[in-house]
Structures are given as structure tokens and as C-alpha cells.
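J.: The following comprises the amino acid sequence and a computationally predicted model.
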Amino acid sequence: MRFYPTFFTAVFSRMDPERAHRIGFLGIRAARAARVSTALRVYTRPDPVLEVEALGLRFPSPFGLAAGFDKGGEGISALADLGFGHVEVGTVTAQAQPGNPRPRLFRLVRDRAVINRMGFNNEGAAAVAPRLARARRELAADHRGRARPVLGVNIGKTKAVPLADAVDDYLQSARTLAPLADYLVVNVSSPNTPGLRQLQEIESLRPLLGAVGRTADEAADRHVPLLVKIAPDLSDEDVLAVADLALDLGLDGIVATNTTIARTGLASDPAEVEAHGAGGLSGAPLRRRSLEVLRLLRERVGDRLVLVSAGGVTTAEDVRERLDAGAALVQGYTAFLYEGPFWARRINQGLARTARPRR
């Protein structure tokens, strides 16, 4: 199934990246609508040897799809059909918002990277909630008798809401979405919402995470595993401070890392990079720093928190490296755009080969 790189070069690479994403996602959902999914799942289903327990949940594979691909929960079941062990929806905000002006998504093909300044474009928590409910029913039916793909929900701050009112804004999303989520992620690390990263400062983060955790559990009438997603641009000292806070608050885990505002070490023409402007860089160039942050966190927290590693993951070897470095779960996104619809299957096949004991 390696026809996709040729297709990408011939078709998608000549197309506006956001339009290409929309068309590709429509194609994935169309396969589901055409009832191809049952046959597809036989082909893409992770080997049972990959099942892993984390966050009190059973994942069919440690490899999942990071937030950003399906912002509105429109194709959860279709994406699960491709072999992802979990699908993280979002980022969802309490209020609907269009995001930043276009163009806002750019490829750096030589670097296997993407720059985005999407700005949390989504239809708002109230619109996303019924899609999550439907997806939960579909996942349970599709994977009866087996570990089903896990549904995560990533929430962020509405752009129009002042930082002073950010906690109430997050709480609105938590009340609406936590009852439908297997786990919840608080995103305070996107560079595309003005002021958002200030919420990573400990004095702001403590009351936010504490309030979201309490509200999510009350709304769901159960414990909803809660994680915080952090930026790779934090200093090592600040990474460790967030880790200590997460332990102190009794959080379930940390997602590390989000996109970066750095532009160092790129193979792309500097003029091209500069022309694309501001935004978060994701993809292969993030690999080294994401791994560094993971190792810092693991050294600090041991196995007391679930560490979810994201950033620069392309191959099964990359995923295995993160697992060996202490991640319980690993997420990818940008390489999906370059590798195509059977990317998760190839990752799972590679992981299964290394997971099986030698005879």
C-alpha cells in the first residue's frame, strides 16, 4: 500500500494543504459510509499482543492519533477503522469559533513537517458532544468482545474569552464533554491562541487543572482521567515544575509535546519558512526535543503518571523508542499527512514484530 507517497506528490502536494486535509478526511469518512469498514478493520486491526492498559483503560495499541486531525469529532469511528489505538478529538472550545484567517496551514515537505496557525477552529462543545455520543456507541458495536479504540477529548480556551475568565471557559467545555470522553486533555500549549501559553505558568495552571478535574468528574459521575498537554518550548526547569504540579494535583498524566515555535535545524529554504509566518511547527524536526522532554518527565515522575509522547513520530521504530523511554502511549499526526491512510497499520505491524517473544 505504498502508492500513497506517489499520490501525495502528484495530487495533494499541488493543493492547498487545508483543502487537501479536508478532501483526505472526507475520503476516510466515505469509506466508513460505504460500509467498507468491516473489511477494513480485518486488515488494519492491531495485533492483540499490542493491547496495553493505561489511565485505567484498555487500549488495542499504544499508538494513537493526536488532537488536531479531527477537531470536531466528525470521523472518530472512521479513523478508528484505520488501526489507531485511540483517537483524540479537538482541540474543542466552549464556544464555536472560525479560527485564524486563511492561509493557516503550510507544508515543509523537505522536513516532513507542517506549520499551522489554525487557531482552534471548531464548532464548539455543544455541537461536538452528540458526535462523541454517537462515536462511543459505534465503537462499542464495532469492537464487541475486543478492546475498542479509546476516545480522548482535548479542550482549549475560546479565543474571545479573556485570560482572566479562562477557567470558567474550560469548565464549560468540561461539563459538556467529560461525560462522553474516555479521557480529557487540557491544552494550554498551542501557540496559536494569544496568551494561551501563559496558562502553563504554575500559578495559573494549578487552579485551572484543579477546577477542570473536579468539574469533569462531577459532570460524568465517574473519574475521567485528566492530562495536561505541554509545549516543547518550555525550559527543562518549567517541564519539571509542571511534572511536580501534576503529581501534587493527582493528575493522571501529561501529553508531551505540542507544536513548537522554534525554526532551528530545518532543511527547507529559510525564505520559504519565513514566508509561511507564525505558527506551530510539527513533524520530524520536533523528534529530538519531544524525546528529551519525555525523558525529563520519566526521570521525574517514574511510573506515577501516564506519559503520552507526541511530536516527530513517523515509524514503528520511533514509537518503540518512545515506549522504551517511558511513554505508556504514543501519538502521531503530521506523518499521517505524508504517509497516508495505512500508516497506523504499518506502525502496529512493526510494533507487533518487536513485541512478540523470540522462539
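T.: Great, that's in hand.

J.: Relative to Thr193, how far out is the nearest residue to Asn121 once chain neighbours are set aside?
T.: Among residues not flanking Asn121 along the chain, Gly99 sits closest, at 2.7 Å (C-beta to C-beta, 6 or more residues apart in numbering). Using the backbone N, CA and C atoms, a C-beta is placed for each residue, glycine as well. Distance of Gly99 to Thr193, given as C-beta to C-beta, to the nearest Å: 10 Å.

J.: what residues do those two have in common as contacts?
T.: 119-120 (C-beta atoms under 8 Å, 6 or more residues apart in numbering).

J.: Look at these two and report which has more neighbours.
T.: Thr193 (24 against 18; other C-beta atoms under 10 Å).

J.: Would you map the helices across this structure?
T.: Using DSSP state H, the helices assigned to the chain run over residues 4-10, 17-33, 37-44, 76-80, 125-142, 166-177, 202-220, 236-249, 270-276, 287-301, 316-324, 334-339, 343-355.

J.: highest average neighbour count across those helices?
T.: helix 76-80 (a mean of 26; mean count of other C-beta atoms under 10 Å).

J.: which residues sit against that helix?
T.: Residues contacting helix 76-80 (C-beta under 8 Å, 6+ apart): 28-29, 31-32, 37, 65, 69-70, 87, 89, 131-132, 135, 138-139, 142, 148-149, 151.

J.: Let's see that with 7 Å instead.
T.: By C-beta atoms under 7 Å, 6 or more residues apart in numbering, the residues outside helix 76-80 that reach it are 28-29, 31-32, 65, 70, 87, 89, 135, 138-139, 142, 149, 151.

J.: any chance of these in CSV, with distance to Leu240 and pLDDT too?
T.: Output for the contacts of helix 76-80, formatted as CSV (distance: C-beta to C-beta, whole Å; pLDDT from 0 to 100):
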residue, distance to Leu240, pLDDT
Ile28, 39, 92
Arg29, 41, 94
Ala31, 44, 89
Arg32, 43, 91
Leu65, 28, 98
Asp70, 32, 97
Val87, 30, 98
Val89, 29, 98
Ala135, 36, 97
Glu138, 41, 96
Leu139, 36, 96
Asp142, 41, 92
Pro149, 32, 97
Leu151, 30, 98
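
J.: Turn those residues into JSON lines, columns for distance to Ala125.
T.: Shown next, in JSON lines, are the contacts of helix 76-80 (distance: C-beta to C-beta, whole Å):
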{"residue": "Ile28", "distance to Ala125": "24"}
{"residue": "Arg29", "distance to Ala125": "21"}
{"residue": "Ala31", "distance to Ala125": "28"}
{"residue": "Arg32", "distance to Ala125": "24"}
{"residue": "Leu65", "distance to Ala125": "20"}
{"residue": "Asp70", "distance to Ala125": "15"}
{"residue": "Val87", "distance to Ala125": "17"}
{"residue": "Val89", "distance to Ala125": "11"}
{"residue": "Ala135", "distance to Ala125": "15"}
{"residue": "Glu138", "distance to Ala125": "20"}
{"residue": "Leu139", "distance to Ala125": "20"}
{"residue": "Asp142", "distance to Ala125": "25"}
{"residue": "Pro149", "distance to Ala125": "22"}
{"residue": "Leu151", "distance to Ala125": "15"}
